[in-house]
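A.B. asks: Whatever this is, show me its structure:
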Amino acid sequence: MTTVSEKPATSVRIYRLGMSLGIFLAISFALCVALGVLVPGAHMYESWLPLLPGVTWISLPSFLLGLVETFAYGWYIALVFVPVYNFFTGRA
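C.D. replies: Residues are numbered from 1 along each chain as shown. Model (predicted):
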């Protein structure tokens, strides 16, 4: 019987995850706005409005604020997740 050796867990870097999540969420927001503009009946923006203070439908300043806030949410997730993940992988 062959056993598969488990790879040692590696630590996650805050910068890499923060940038990845921030850009992912900003792109997702921009795609939802684009869908809302192209298909007015889709109402995709309604799911974002409660999560993004100050964002309304739709103006350039509001869109830019939405991009900044979604990017910041990505960084918030990374700043909370990475230390917790690294703590538990270090204890394994």
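A.B. asks: Give the ranges of residues in this protein that sit below the confidence cut-off.
C.D. replies: 1-8, 91-92 (pLDDT under 70).
A.B. asks: Show me which positions of the longest helix along the chain end up buried.
C.D. replies: Scanning the chain for the longest helix, with DSSP state H as the assignment, gives helix 60-91. Residues 62-63, 65-67, 69-71, 73-75, 78, 82, 86 are the ones in helix 60-91 that count as buried (16 or more other C-beta atoms under 10 Å). For every residue, glycine as well, the C-beta is placed using N, CA and C.
A.B. asks: Could you list the buried residues of whichever strand or helix holds Leu31?
C.D. replies: When elements are assigned from DSSP states H and E, Leu31 belongs to helix 14-38. For helix 14-38, burial by neighbour count (16+ other C-beta under 10 Å) applies to 17-18, 21-22, 25-26, 29, 32-33, 36.
A.B. asks: So the nearest residue to Cys32 once chain neighbours are set aside versus Pro53, what's the distance?
C.D. replies: Spatially, and ignoring its direct neighbours in sequence, Cys32 is nearest to Met44 (4.2 Å; C-beta to C-beta, 6 or more residues apart in numbering). Separation of Met44 from Pro53 (C-beta to C-beta, to the nearest Å) stands at 18 Å.
A.B. asks: Between the two, tell me which one has more neighbours.
C.D. replies: The residue with more neighbours, out of Met44 and Pro53, is Met44; 15 against 8, by other C-beta atoms under 10 Å.
A.B. asks: My read is that that one contacts Ala34, right?
C.D. replies: No - counting by C-beta atoms under 8 Å, Met44 stays clear of Ala34, with 9.1 Å between them.
A.B. asks: OK, contacts around the closest residue to Phe29 other than its chain neighbours?
C.D. replies: The shortest distance from Phe29 to any non-neighbouring residue, by C-beta to C-beta, 6+ apart, is to Thr70 (4.4 Å). For Thr70, the contact set (C-beta atoms under 8 Å, 6 or more residues apart in numbering) comprises 22, 25-26, 28-29, 52.
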